[in-house]
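Engineer: got a predicted structure plus its sequence, pasted below:
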Amino acid sequence: MNAGFRERQAYWLLIAPAFALMLFFYLLPLVQLLWISVTEPAPGLGNYKSVIASAPIRRIVWTTLRVCIETTGPTVILGYLIAYAMVHVNRGQFAWMMLCVMLSFWVSVLVRAFSWLVMLNTNGVVNTFLISTGLAAEPLSLAYNETGVVISIVHFMLPFAVLPIYANMAGIDKIYVAAARGLGASPWQAFWRVYFPLSAPGIVGASVLVFVFSLGFFVTPAIMGGGKVVMLAEYISVQIQDLLRWGLAATLAALLLIGVFAILAIMSRFIDLRMLFGAK
């Protein structure tokens, strides 16, 4: 019993520093956020009532959800194709593909947004290519609107879709597909009826990650949207930095946080989150 007690004591001593850091840097700020939302500028639930009754805020929430949905679909599709290729290439090709995926983490969101702004502008590379090849008769409006915002966010979020899908695919035993082929299934049937269902947890997990992370974008919409596409995180930033409305900003942030936790809680009931990282 003494050995077991010492083992448990050593366990708690090891995790105590990490727990203290989590408490100080995460839990306390969250508590303070909730406290500000019900005390500024006056005690009560006035901020929450104002948010619910505000038509402009409802439009911003709808814009945020719409952009996140429009972002999640293309990101997960592209991420699935890239992850599928990474699983089925040789080791050298895999190393290069993984390097390309990881390189995107080294470029800031600000640099990416301005790069896409240059590329998607009226005289940018994309419009120049479309016009020179005859695919478009005149420059397309790809910047300073929702289309540009979605394209830029998809590019930023792509690694967050590739990695969990790849982790899930890497844990799929190839013998299942080989068995299906041996029983007479065509390559398409083996993929659609065997491989795709096994990779579904990775797809769901990547969709949740991309959707949740997209909720917090504010630099990209501010640059690529040109003031025409305002998402919730950008609106919160304006309330704090420009208008000093801490109570309203804290309320919106608290509601956003609650929404994120609700999404994660619901999805955790349908998939084992450990499968996103290759667990079987």
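Structural biologist: Cool, the structure landed.
Engineer: now Leu209: how far from Val230?
Structural biologist: 24 Å (CB to CB, to the nearest Å). From N, CA and C alone the C-beta is placed, and that goes for glycine too.
Engineer: these two: which is more packed in?
Structural biologist: The neighbour comparison of Leu209 against Val230 (other CB atoms under 10 Å) goes to Leu209, with 23 against 18.
Engineer: which strand or helix spans that one?
Structural biologist: Element membership of Leu209, judged by DSSP states H and E, is helix 196-214.
Engineer: quick one: distance of that helix to the chain centre.
Structural biologist: 10 Å (CA atoms, centre = their mean, to the nearest Å).
Engineer: and that helix, what other elements does it pack with?
Structural biologist: Helix 196-214 is packed against helix 55-88, helix 146-170, helix 246-268, with contacts defined by 3 or more CB pairs under 8 Å, 6 or more residues apart in numbering; DSSP states H and E.
Engineer: let's see 10 Å
Structural biologist: Applying 3 or more CB pairs under 10 Å, 6 or more residues apart in numbering; DSSP states H and E, we find helix 196-214 packed against helix 55-88, helix 146-170, helix 175-182, helix 246-268.
Engineer: quick one, what contacts the residue nearest the centre of the chain?
Structural biologist: Nearest to the geometric centre of the chain sits Val210, at 2.4 Å (CA atoms, centre = their mean). When contacts are counted by CB atoms under 10 Å, 6 or more residues apart in numbering, Val210 touches 68, 71-76, 79, 153-154, 156-158, 160-161, 164.
Engineer: of the residues you listed, closest to Trp246?
Structural biologist: Nearest to Trp246 among the contacts of Val210 is Cys68, at 25.5 Å by CB to CB.
Engineer: kindly provide the distance from the closest residue to that closest one other than its chain neighbours to Ser104.
Structural biologist: Counting by CB to CB, 6 or more residues apart in numbering, Cys68 lies nearest to Ser214, which is 4.2 Å off, once chain neighbours are set aside. Distance check for Ser214 against Ser104: by CB to CB, it reads 16 Å.
Engineer: more neighbours: which of these two?
Structural biologist: Between Ser214 and Ser104, counted using other CB under 10 Å, the more crowded position is Ser214 (26 against 15).
Engineer: one step back: pull out the buried members of the contacts of Val210.
Structural biologist: Neighbour counting by 16 or more other CB atoms under 10 Å classes 68, 71-72, 74-76, 79, 153-154, 156-158, 160-161, 164 among the contacts of Val210 as buried.
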